[in-house]
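Participant: Predicted structure and sequence below. I'll ask about it afterward.
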Amino acid sequence: MNAATPSLSPAADGIIGLGIESSCDETSVSVVVDGREILSNEIYSQISEHAPYHGVVPEIASRSHLLKINSVYESALQKAGVSIEDVAYCAVTSRPGLTGSLMIGAQLARCLHLVHSIPIVTVDHIESHMYAVFLEGKQVEYPFLGLLLSGGNSAIFLVHGPEQMERLATTMDDALGEAFDKAASVLGLAYPGGPQVEKLALQYAQKNPNAASARCIFPRILRDLPAERMAFSFSGIKTAVLQAAAERDPELICFDFQRTTFELVTRMLKRAVQSTGIKRIVASGGVLSSGSLRTALEESAERDWNLVYPVDRKLCTDNAAMVASLGYRLFEKGNRNPLDFAVSSRR
């Protein structure tokens, strides 16, 4: 960790924070000022390492973090133009995630504390996604609804403030990102599945101008869920894709897969708005990288809610800048964690 360089930051008057993210298959370190301005946001993606398995292999993930985290850290400081002595706090993801992966980021934070006396602020990975939009200058008043759609989570939260997040809905089984990966695998598409499914879906829509009004091949998800309940479920449509794969056009399957799953997302959001009366929605998570999902949410937003999400797709996926952003707010509250803080696979 020999990364000390002269302080060149134009934002030296602000509070400089370091973020560390290693909860799954991205190794990321970021330097952020006042929880809003990104000086650097270095991310090493392990996609190529997990692609042969069509999913994240925990042992491979933790080994890759161990091999890459020092160089990612050094690159983050160098690109930010700051030295470690400029850093006021170190925010690190401690939950939830793969235990072995979390431990690698935690050890880097502990080393920085021991060597440089930098305060440690532990951060909830899921909650940090809600703060990615603040890194693009967006201002969202509390309370707001938070929509998280990723490979491991599909949920809606009522966010009252930092560390004040109430879960309104979660998935009964699989997350949406996982469902995309499994559907792509069934259809023989590459990993990760989201971009591949979206590509074929767009091809189908271009060839069939009336596709949006055509009859669905997949049944409506959770069509019998009582009106007062909110939930997600994506295991059933994975099975439906498997059954359809032998006799249906892959482009049609991808188009209807997206249409059916996105309909459930917008329906549950509408229920959350109706239940809480809150129309401010912050959306994030890797699935928000999909232009098709953004379009579906925006079309509903014009009528039903005010929607913001990270325009930069890099901020939708796992990254350390969002960790530093939430960490800044916790640091300002006085949060400090001991050297022996624990990591956990759960929230």
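Facilitator: The structure has been received and is ready for your questions.
Participant: all strands for the stretch 151-300 of the chain, in order.
Facilitator: 154-161, 164-169, 280-284 (DSSP state E, counting those that start in this stretch).
Participant: Repeat that for the stretch 1-150 of the chain.
Facilitator: Under DSSP E, counting those that start in this stretch, the stretch 1-150 of the chain gives strands at 16-21, 26-33, 37-45, 89-95, 120-124, 144-149.
Participant: Can you list the low-confidence ranges for the stretch 1-150 of the chain?
Facilitator: 1-12 (pLDDT under 70).
Participant: please redo it, this time with the cut-off set to 80
Facilitator: 1-13 (pLDDT under 80).
Participant: Quick one: the helices in it, in order.
Facilitator: In the stretch 1-150 of the chain, helices defined by DSSP state H, counting those that start in this stretch lie at 47-50, 58-80, 99-116, 125-129, listed in chain order.
Participant: Looking at those helices, which is nearest to Asn319?
Facilitator: helix 125-129 (9.0 Å; C-beta to C-beta). Every C-beta, even on glycine, is put in place using the N, C-alpha and C of the backbone.
Participant: what's the closest one in contact with?
Facilitator: 21, 23, 93, 95-97, 146, 148, 150, 153, 155, 162-163, 165, 284-285, 318, 322-323, 325-326, 347 (C-beta atoms under 8 Å, 6 or more residues apart in numbering).
Participant: Buried ones only from the residues you listed, please, as a PyMOL command.
Facilitator: In PyMOL syntax, the buried subset of the contacts of helix 125-129 is picked out as below (16 or more other C-beta atoms under 10 Å):
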select buried, resi 21+23+93+95+96+97+146+148+150+153+155+162+165+284+285+318+322+323+325+326
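Participant: Please name the nearest non-neighbouring residue to Asp256.
Facilitator: Ile217 (4.9 Å; C-beta to C-beta, 6 or more residues apart in numbering).
Participant: again, but for Leu102
Facilitator: Nearest one to Leu102, counting by C-beta to C-beta, 6+ apart, is Val343 at 3.9 Å.
Participant: so how far is His65 from that neighbour?
Facilitator: 12 Å (C-beta to C-beta, to the nearest Å).
Participant: can you list the domains in the protein?
Facilitator: 16-131+319-333, 141-310 (automatic domain parsing).
Participant: what's the span of the longest one from first residue to last?
Facilitator: The first residue of domain 141-310 is 16 Å away from its last residue (C-alpha to C-alpha, to the nearest Å).
Participant: any idea how far it is from the chain center?
Facilitator: 14 Å (C-alpha atoms, centre = their mean, to the nearest Å).
Participant: Make sure the residue nearest to Leu102 is actually in contact with Met103.
Facilitator: Yes - contact criterion C-beta atoms under 8 Å: Val343 and Met103 qualify, at 5.8 Å.
Participant: now Trp305, nearest residue through space, not along the chain?
Facilitator: Trp305 sits nearest to Lys279 (C-beta to C-beta, 6+ apart), 4.4 Å away.
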